[in-house]
Each structure stands twice: as structure tokens, then as C-alpha cells.
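1. give me a model of this one.
(chains A and B)
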Amino acid sequence: MDATILMLLLQDGVVNGAIYALIALSLVLVFTVTRVILIPQGEFVAFGALTLAAFEAGTVPGTVPLLLALGAAACAADLVEARHALDARRILRIALRDLVLPGAVAALAYALGPGKPTLALGIALTLAIVTPMGAYLHSIAFRPLEKASVLVLLVAAVGVHLALTGLGLVFFGAEGSRTPPLSDAMLPAGPLSVSGQSLWMIGLTLAIIVALWAFFGLTLLGKALMATAVNRLGARLMGIGPGMAGRLSFSVAAFIGALSGVLVAPLTTIYYDTGFLIGLKGFVAAIIGGLASYPAAAAAAVLVGIIESVAAFEASAFKEVIVFMAIIPVLLWRSARADPVEDEE
Amino acid sequence: MKRLVWALSLTGALVAFGAAAQPIKIGVTISKTGPAASLGIPQSNSVPLMPAQVGGQPVEWIVLDDASDTTKGVANIRKLASDDKVDAVVGSSITPVSLAMIEVAAEAKVPMITIAASSKLIAPMDDKRRWVFKTAQNDSLMAEAIVGHMVRAGVKSVGFIGFNDAYGDGWLAEMTPRLDAKGIKLVATERYARTDTSVTGQALKVMAAKPDAVLVAGSGTPAALPQKTLKERGYAGKYYQTHGVANADFLRVGGKDVEGTILPAGPLLVAEQLPESNPVRKVALDYTKAYEAKYGPGTLATFGGHAFDASVLLASALPVALKTAKPGTPEFRTALRDAIEGLKEVVYTHGVATMSPSDHIGQDERSRVMVTIENGRWKLLSPTN
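-> Reported below is the predicted structural model:
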């Protein structure tokens, strides 16, 4: 391996790491607020990429009826949840959120989808379709289990993942798709050439990290989420609804997932089941970050990307083995270092 | 009393009717979902095109999905053999599932026609594989064609990027001795996974070895990624692919980066370009027309043809078996097995098959053509090119 190849591998690793970082950030966000390990995060990536690809092909993607169905199911779940305190205002709010919003998005998609929308419009529609799914999934699958143990929540997350993967196969078929890049530019940098697309990816990842930091540090809503993460009961006593906190964190996760999908789709072919592997590598990064720290998770994600890229060059047959083995020393080190804690369950 | 007579005669009529319409039951287990869904979907789409009647007997096709999963495939064939009492089984789509099914087929003495690729399914011939037949071309037939083309094109060294699974293993095992025999050097062997999002590392390694040509051994759209990455990095040699990519989605995802790629394929892929004298042309075109009339133009994938070919073999063998035994009996299944083994010069969408006790695929070079990709379409290459 000479220096040029090493540089190329590092570049490849950082670009892939940026996507893993986005996944890791949303996993950490969702876990700290709701204690759910969001296995279906990868599906948001695949749905984002394939929804955009469907718009590029001039068709209305299957995620649009899915959004309507999830909205209706979430509406029912929310009404049941709030059955003891139903009044006209609350019903109106639930209906607006779960029926009118997806209805409006679907109407737009049906109006614009067949006419091959521009790339920017397609991306906007894709984000509008996938983002609310997070909140609806929370209402349907996780809100009723709010008080359950982490393990039960994990099992529910696996269930949601399997359901979404199956739906993905129905909507998008078994073969993959690609989308055109956000930018065709190639910038020469010494022996390397940096594509505009990879700059977009790294730039947007950094922007999201900064935005998350600002959101949690500067806004009341963000502080409310942080409060829920630190102490659920205390937050509730202060008037912060756990339902709101869960919905919000799931929506942010779905938004980040869909955005990752939009970013990665021009670089590689995305299949209905690609999300799981991307999600798993994001999860490795999140674990290295202790499922708590955003900067540590982001840094670990870039490390995972680089390990993967170098492993692909050195021993391609064992690439995944090497990537997933990297988690073992980290876990050993973490458990040796951590104070013994009483199990929270 | 009168009523009793009526009832008795009605029952008698029903029994007689039931016996006359005793259908031939064929079980089909296909990987409609899971990692092999891109093979399984066109295959299960082909089932409605299969004959509903053979030799005056109705045929019932019972289709199950095995989700590309070995355990599920074995459960399916057990259910088909013991509950549905099928006379033959078609499937599964992939080698690992089919390999596991052989055991059950032999135990229940049900003839099985696999539509998976590996030659391990029918060789070496033994007591169990007696019951197994195969329609998809052996990798060895295709590997021979690739090496032949490489020799004619003057390729001296080859880089290999293959799936990190049975498909990649199989191709590497077929290619290595054949390349050796022709004095072509295999300078790099790299592996990747179907769902990988980047193969930059593998591509750089292959390029560092400076081969004259690269062979990508993958199936469906995932096989486009290494080629796109190599193109992006400026690799200017020849590109070979395997017959696993022969579907329209590969062209869609590959776009202009896969222009000029050379690959072996079943004749079904370029049926309309075959010469009029080729007997496969008509069968393949008929299947193409029927398939595209049902599912839309441009939807055909050659994988579906393997499933359809299994029905062609059965349709040729069933009349022979019907002469000696009744459907639904062990004797009929044995007779059907013997009849399939005795088939001669059966023309189907992927060539012409002549079975023998030692050869349960029965294909020759009429089952393969070399094609290239030109202006986003498959183009037949002349055999001497």
C-alpha cells in the first residue's frame, strides 16, 4: 500500500463514515430520550433513497400510501392513548397531525410525482414523506410500551424493522436504484479527486451535528428533550409530555435517516434491505460512543468508515468480520473502566 | 328408500368424477422474498404461464415462498411431499436451499427440478441426486465461455471481484483451473457483499495489480457497483460479468458505465437476435411474449426462464409417466423420474436438453451465448468474436 492508495482509502472511509455518523447520532438521540434502540433507522435510509429514486423515475413511490396508512393507525393509537382526556381541541390536534398532514403530503406527491419533479423538489417531497413516519411509528409501536424494559423495546424495534423491510420489498422490488448526484463537480486535490457529492455529505453531516448541538443547547424544546433523557419522571413533573418527546426524537431520527438516504443514493446502489447493514455500522459507532455522547459517536463513525475501507483493501473477504470485531475491545475497555452500576430495570 | 338410492348414486358419481379429474400436483418452492428475491420474483411470475393441462390431465401448481432461507425451503418440500402429496417439486431459486432439499426429495422419492445454479446439485451423481434435475446452466459451462472469449481477445491477466458467498466461491473455483490451463494469470481476487455501499478498497487493490481484464462475479444490480467504482477510478481494461446480471435492472442501474461489458448468458436474453435456424428462438420468443403480455414490456428476466424450463421438462415427461401409473402414487413419481431422465432433445427457453443417468442437466453449448452491452441493450456476439 503506497501513500496515494492510503489517501484514497481514507477519503472513502471518511465519506462512508459521514453516513454512519448521521445514523449513530440519531440512534443516540432516540436512545437517550426513549430508551429505544432504533433498529429501523436503516429503513429510513433505504426509504429515503428509494423514494427519491421513484420520483426520479417519474412514479409515485409506495411510501406515500404507507404514510397515509401509518397516519391513520397512529391517529387511532393516539385517540386510544388520550381516551381519558379527550376534548375537541385535542381531537382536532391529533387529526391535524395524523390525518391532514400526511393527506396534504400525499396530495402533493400524487400531483407532482408523475411529472418528474426537479431534484430539489424530489428531495423536499422525500423528506416530507419519510419524516412523519418516525412520529407515527412511535405512536403505534413504542408509546404503548413506554414503561417496558429496554429489552422489550428492543424486541419491538426488531419487529418494526422486519415489518418495514418486508414493506420495502413490496414497494420497491428486489433490485436496487441509484439517483443522480447533488453535484457533478470533481475537484482535484493532489493525487486525489474529491467529488462534489462527498463534500455535500461531509458538509451536511457537520451541519446536522451543529444543528443538533444548537437545538439541545439553545432551544426550549431541545432542553425539554434533554430533560426527558436525563430524568423521565422529573421531566414529566415539570410538564414535559413523554409522548411529545418521543414523537419529536423519532421524527428527527426519521428526518436524518431520509437525508442520509438522499445523500448516499448517488454514491452506491440502494436496495430495500441495504438500510440494515448501514444501520448496524452506525450502531457500532453509537456503542463505541457509549450510546450517550454525540461527538464520540460521530468520531467513532468516521473510525468505523476508515476501518471498513482499509479492511476492504487488505482482506476483502473478512471486511465485515473486522468491522464488527472492532466493537469487542471497545466493550471490554468500557466495562473495565465503568463503575459497577445497578441494573436500571 | 328412493332418497337413499339418490344419495348413493350421487356419491358414486362424485367418486367417479373425483377419480377422472385427479390432478397432477406439482409443488413449487421459490425465493420470492429475502436476498434472492430478484431471482424468485420473475420465477414465481412464470408459474401462471405454465401449462394447466398435460396429456389431458389437469395440472395443479402449488407455489410456496421459502424466503431464500434453507430451513424454510426444507419445511416447504416436506409439506409439499407429505401433506399435498405432490408428484414433483420445482425449486428452489438458490443453491444452499436446493442442496438442503435434496435430502428430503430422495427420502420421499419425489423428483425435484432445481432452478438454482451450482453444478454441485447434480454432481457427483449418487443415490440421492438420482431424484434431482436442473435447468439453470452450470457455472462451468459459462466459465468456459468467458475463458474462451478471453483467449480470443488476447487477455493475459485477470482481476476477480466476486460476491462473498457461494456464488463468488463457485465462480472462483470454476475460473481458477480454466485460466491456469490457458496460461492466463489471476492477479487479484477480491470479495464484497451484496449490500456493501462501497468497494473502493477492492477496486484499488485490483487496479494496483494492473490486470488486462476484470471479471465481476455477482448477480443482479449489486454487480454494477464494482464496475462503476473501477470506471470512476479510471480502470481502462476489459470488463466481464457473469450471467447472474442478465436482467433489465442491471442495465438501468449500470447506465453508461457498463457499456461494452462482455458476459455469457442463456439464449433467452437475446432471443430475437438468434438466427431463425436456432430451435430455441421460437420457444424463447413465445415465453417472452407471454411474460411481457402479462407483466409489461421490458420486465423479462432470464431467471424466470429457468422456472419455466422446469415446466417444459415436466410437460415432456408427464405423458410418458401417465402411461404406466396414476398421479398421486409412489409408482407415478418413480415413473416420472425415469421419464425425465429419458428426455432427449427437449427444446426450452435456455437451450436444448438431453438427459442421461449420469447427466441430469443435459445442456451443451446451445445453452449459452456471449453478449455485450451496446447503447443500453444486450447485443449477441458472434461465436467467433
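2. list the contacts for the residue lying closest to A:Leu119 once chain neighbours are set aside?
-> Computed as C-beta to C-beta, 6 or more residues apart in numbering or on different chains, the closest residue to A:Leu119 that is not its neighbour in sequence is A:Pro180, at 6.5 Å. Quick note: C-beta positions are derived from backbone N, CA and C, even for glycine. A:Pro180 is in contact with A:Glu56, A:Leu119, A:Pro266, counting by C-beta atoms under 8 Å, 6 or more residues apart in numbering or on different chains.
3. pick out the residue in chain B sitting closest to chain A.
-> Closest residue of chain B to chain A, C-beta to the nearest C-beta: B:Gly201 (2.9 Å).
4. the nearest residue to that residue once chain neighbours are set aside: which element?
-> Closest residue to B:Gly201 apart from its sequence neighbours, by C-beta to C-beta, 6+ apart: A:Ala312 at 2.9 Å. According to DSSP states H and E, A:Ala312 maps onto helix A:294-314.
5. ok so, going back, what mean pLDDT does the one helix or strand the residue of chain B closest to chain A maps to get?
-> Following DSSP H and E, one finds B:Gly201 within helix B:200-208. Over the span of helix B:200-208, the pLDDT mean works out to 91.
6. could you give the separation of that helix from the chain centroid?
-> Here the centre of helix B:200-208 is set off from its chain's centre by 31 Å, with C-alpha atoms, centre = their mean, to the nearest Å.
7. show residues contacting that helix.
-> Residues from elsewhere that reach helix B:200-208 (C-beta under 8 Å, 6+ apart): A:5, A:8-9, A:12, A:308-314, A:316, A:319, B:159-161, B:188, B:190-192, B:214, B:226, B:229-230, B:233, B:235.
8. what packs against the helix or strand following the helix holding A:Ala312?
-> Going down the chain from helix A:294-314, the next helix or strand is helix A:319-325, by DSSP H and E. Applying 3 or more C-beta pairs under 8 Å, 6 or more residues apart in numbering or on different chains; DSSP states H and E, one finds that helix A:319-325 contacts helix A:274-288, helix A:294-314.
9. take those and write them to a markdown table, including mean neighbour count and mean pLDDT.
-> What follows is these, written out as a markdown table (neighbours: other C-beta atoms under 10 Å in any protein chain shown; pLDDT from 0 to 100):
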| stretch | mean neighbour count | mean pLDDT |
| --- | --- | --- |
| helix A:274-288 | 25 | 91 |
| helix A:294-314 | 22 | 90 |
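10. tell me the spacing between A:Lys116 and chain B.
-> Applying C-beta to the nearest C-beta, to the nearest Å, the value for A:Lys116 to chain B is 16 Å.
11. list the residues that contact B:Pro42.
-> By C-beta under 8 Å, 6+ apart, the residues touching B:Pro42 are B:Asn247, B:Thr299, B:Leu300, B:Ala301, B:Phe303, B:Gly304, B:Ala307.
12. B:Val216 now?
-> Taking C-beta under 8 Å, 6+ apart, we find B:Val216 in contact with B:Ile161, B:Gly162, B:Ala223, B:Pro226, B:Gln227, B:Tyr239, B:Tyr240, B:Gln241, B:Thr242.
13. after the strand or helix carrying it, next one along is what?
-> Using DSSP H and E, B:Val216 falls within strand B:213-217. Once the chain leaves strand B:213-217, the next helix or strand it forms, by DSSP H and E, is helix B:224-232.
14. tell me what angle the strand holding B:Val216 forms with helix B:200-208.
-> Angle, strand B:213-217 to helix B:200-208, by axes from the mean of the first three to the mean of the last three C-alpha atoms, to 10 degrees: 150 degrees.
15. quick one: strands adjacent to strand B:213-217?
-> Taking DSSP bridges as the criterion, strand B:213-217 forms sheet pairs with strand B:157-163 (parallel), strand B:238-241 (parallel).
16. list the buried ones in that strand?
-> Neighbour counts over strand B:213-217 (16 or more other C-beta atoms under 10 Å in any protein chain shown) mark B:Ala213, B:Val214, B:Leu215, B:Val216, B:Ala217 as buried.
17. okay, and the beta partners of the third one?
-> Each beta-bridge partner of B:Leu215 is listed here, defined by DSSP bridges: B:Phe160, B:Tyr240.
18. surely A:Leu70 touches A:Thr131?
-> No: if you go by C-beta atoms under 8 Å, A:Leu70 and A:Thr131 don't touch, sitting 11.9 Å apart.
19. picking that back up, nearest to A:Arg334, out of the helices and strands packed on helix A:319-325?
-> Set against A:Arg334 and scored by C-beta to C-beta, these come closest in helix A:274-288, at 8.5 Å.
20. quick one: the closest one near chain B?
-> Yes: shown here: helix A:274-288 in contact with chain B (C-beta under 8 Å from any C-beta of the partner chain) through A:Thr274, A:Phe276, A:Leu277, A:Ile278.
21. how close does the third one get to A:Ile19?
-> It refers to A:Leu277. Taking C-beta to C-beta, to the nearest Å as the measure, A:Leu277 falls 11 Å from A:Ile19.
22. overlap in contacts of the two?
-> The contact sets of A:Leu277 and A:Ile19 overlap at B:Thr197 (C-beta under 8 Å, 6+ apart).
23. give me the residue from chain A nearest chain B.
-> Closest point on chain A to chain B, by C-beta to the nearest C-beta, is A:Ala312, at 2.9 Å.
24. wait, isn't that residue in contact with B:Thr197?
-> No: the criterion here is C-beta under 8 Å, and A:Ala312 misses it with B:Thr197 at 10.9 Å.
25. buried stuff in stretch B:138-155?
-> Residues of stretch B:138-155 classed as buried by neighbour count (16+ other C-beta under 10 Å): B:138-150, B:155.
26. take these and keep only those in helices.
-> Residues of the buried residues of stretch B:138-155 located in helices (DSSP state H): B:Asp139, B:Ser140, B:Leu141, B:Met142, B:Ala143, B:Glu144, B:Ala145, B:Ile146, B:Val147, B:Gly148, B:His149, B:Met150.
27. got the residues of the stretch 201-345 of chain A near chain B?
-> Within the stretch 201-345 of chain A, the residues that sit near chain B (C-beta under 8 Å from any C-beta) are A:264, A:267-269, A:271, A:273-274, A:276-278, A:308-314, A:316-317, A:319-320.
28. and stretch A:49-62, what's its mean pLDDT?
-> For stretch A:49-62, mean pLDDT rounds to 91.
29. need the distance between the two termini of that stretch.
-> Using C-alpha to C-alpha, to the nearest Å, one end of stretch A:49-62 lies 13 Å from the other.
30. residue contacts, A:Leu169?
-> Residues near A:Leu169 by C-beta under 8 Å, 6+ apart: A:Tyr272, A:Asp273, B:Thr33, B:Ala37.
31. which of those has the most neighbours?
-> A:Tyr272 (27 neighbours; other C-beta atoms under 10 Å in any protein chain shown).
32. show the pLDDT at the residue most central in space within chain B.
-> In chain B, the centroid-proximal residue (C-alpha atoms, centre = their mean) is B:Ala136; its distance is 3.3 Å. The score at B:Ala136 is 93. That number is its pLDDT.
33. try the one 5 residues further on
-> Looking at B:Leu141, its pLDDT reads 90.
34. and the nearest residue to it once chain neighbours are set aside, what are its phi and psi?
-> Sequence neighbours aside, B:Arg368 is the residue nearest to B:Leu141 in space, at 5.7 Å (criterion: C-beta to C-beta, 6+ apart). Per-residue torsions, B:Arg368: phi -140, psi 150 (degrees, to the nearest 10).
35. residue contacts, B:Leu322?
-> Residues in contact with B:Leu322 (C-beta under 8 Å, 6+ apart) are B:Gly55, B:Gln57, B:Phe332.
36. and these as CSV, adding distance to B:Ser382, pLDDT and neighbour count?
-> Shown next, in CSV, are the contacts of B:Leu322 (distance: C-beta to C-beta, whole Å; pLDDT from 0 to 100; neighbours: other C-beta atoms under 10 Å in any protein chain shown):
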residue, distance to B:Ser382, pLDDT, neighbour count
B:Gly55, 40, 85, 14
B:Gln57, 44, 89, 16
B:Phe332, 46, 94, 19
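37. before I go, just wanted to say thanks for your time.
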